[in-house]
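> everything below, folded, please.
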Amino acid sequence: MNKPVLVVMAAGMGSRYGGMKQIDPVGRNGQVIVDYSLYDARRAGFETVIFVIKHEIEDAFKAAIGDRVSKVMDVKYAFQQLDELPEGFSIPEGRVKPWGTCHAVLAARPFINGPFAVINADDYYGPQAFKVIYDYLSTHEDGEVYDYCMVSYLLKNTVSENGKVSRGVCQANPDGTLHSVIERTRIETYEGGIHYTEDEGATWVDLPGETQVSMNLWGFGKSFLEEADRRFAGWLTEHLAKDPLKCEYFLPLVVTELLEEGKATVKVLNSTDQWYGVTYREDKPVVVAGIAQKTAEGLYPENLWGEL
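Next up, the predicted model:
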């Protein structure tokens, strides 16, 4: 069994944030959020990281992150480009938005030969999450039914006070496996609670703060890449006609289909770590303060990569 590798999705340019948030420092010595994720991942056992980026940010990304991390991990680069589409499809006129998280993972396919975990570059997940997912991927293999996993967080610990967020809302079976995950693309806080809308704010539905949500920390076997690739053309055929400029091929879409077809199970691994993210520029001070506190408590050294 090959050792699990880590895929880091970093191709998004951070449109809501207002810049390349992936390389915006949050640590005292210039560390960015993904530095802390990779530090935790390396401690958990991950030795190889595949960064999924755009060609346009390659030099800046390597200078800010990749060159430093390459001293302690095997670093590879995959490129998520709009024109990477199945035969017979072309980029819709005016489309600039990437094709989504599932498309990003497919870009890393040439470097994946076994189990792998997937994270966002602009999210802080905490050390427990990487430990539980590495341990699971190291001890489970695909059989007749694919054996996947994910790490869930409490919704109340993942929302922003500064605007809407997208979250995969999870429903678990009694045995701790995932029943379903539904992508809610507009979740917002309000005085006294959290709610979401699917009709541009005409109506709202409340969500409990204890709701389990996916933060795109998934664990898959190589089989997932084959399934996602096989389904991509059909997804494009269905969704390009409806929303050619903004539709996205999300990881939970394929996961849900595999669950419904009985082809996969997904073990829900729970993390008690606090999640941090910078969806909006106004979120950054919260992240900086959180990292500073964890450093002061001894969870991270000041000189992050000098002490691993």
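
> can I assume Met73 is in contact with Thr48?
Yes: Met73 lies in contact with Thr48 (CB atoms under 8 Å); the separation is 6.6 Å. In this view, the C-beta of every residue, glycine as well, is placed from N, C-alpha and C.

> which one of those two has more residues nearby?
With neighbours defined as other CB atoms under 10 Å, Met73 and Thr48 compare such that Met73 has more, 20 against 17.

> could you give the backbone dihedrals for Ala129?
Torsion angles at Ala129 (phi, psi; degrees, to the nearest 10) stand at phi -60, psi -40.

> hmm, I typed the wrong one, I wanted Thr177.
phi -90, psi 160.

> cool, Tyr276 as well?
phi -130, psi 150.

> which residues sit in contact with it?
Contact partners of Tyr276, counting by CB atoms under 8 Å, 6 or more residues apart in numbering, are 33, 123-124, 286-287, 290-291.

> show me how to select, in ChimeraX, the buried members of those.
Restricted to buried positions by 16 or more other CB atoms under 10 Å, the ChimeraX selection for the contacts of Tyr276 reads:
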select :33,123,124,286,287,291
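
> among the contacts of Tyr276, which are in helices?
Members of these lying in helices (criterion: DSSP state H): 33, 286-287, 290-291.

> which one of those residues sits closest to Pro98?
Ile33 (19.1 Å; CB to CB).

> still on that earlier bit, with pLDDT added, can I get the contacts of Tyr276 in a markdown table?
Shown next, in a markdown table, are those (pLDDT from 0 to 100):
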| residue | pLDDT |
| --- | --- |
| Ile33 | 90 |
| Asp123 | 88 |
| Tyr124 | 92 |
| Val286 | 88 |
| Val287 | 90 |
| Gly290 | 91 |
| Ile291 | 93 |
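
> next, format the contacts of Tyr276 as a markdown table and append distance to Gly219.
Supplementary listing: the contacts of Tyr276 in a markdown table, determined by distance: CB to CB, whole Å:
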| residue | distance to Gly219 |
| --- | --- |
| Ile33 | 20 |
| Asp123 | 16 |
| Tyr124 | 18 |
| Val286 | 28 |
| Val287 | 25 |
| Gly290 | 25 |
| Ile291 | 25 |
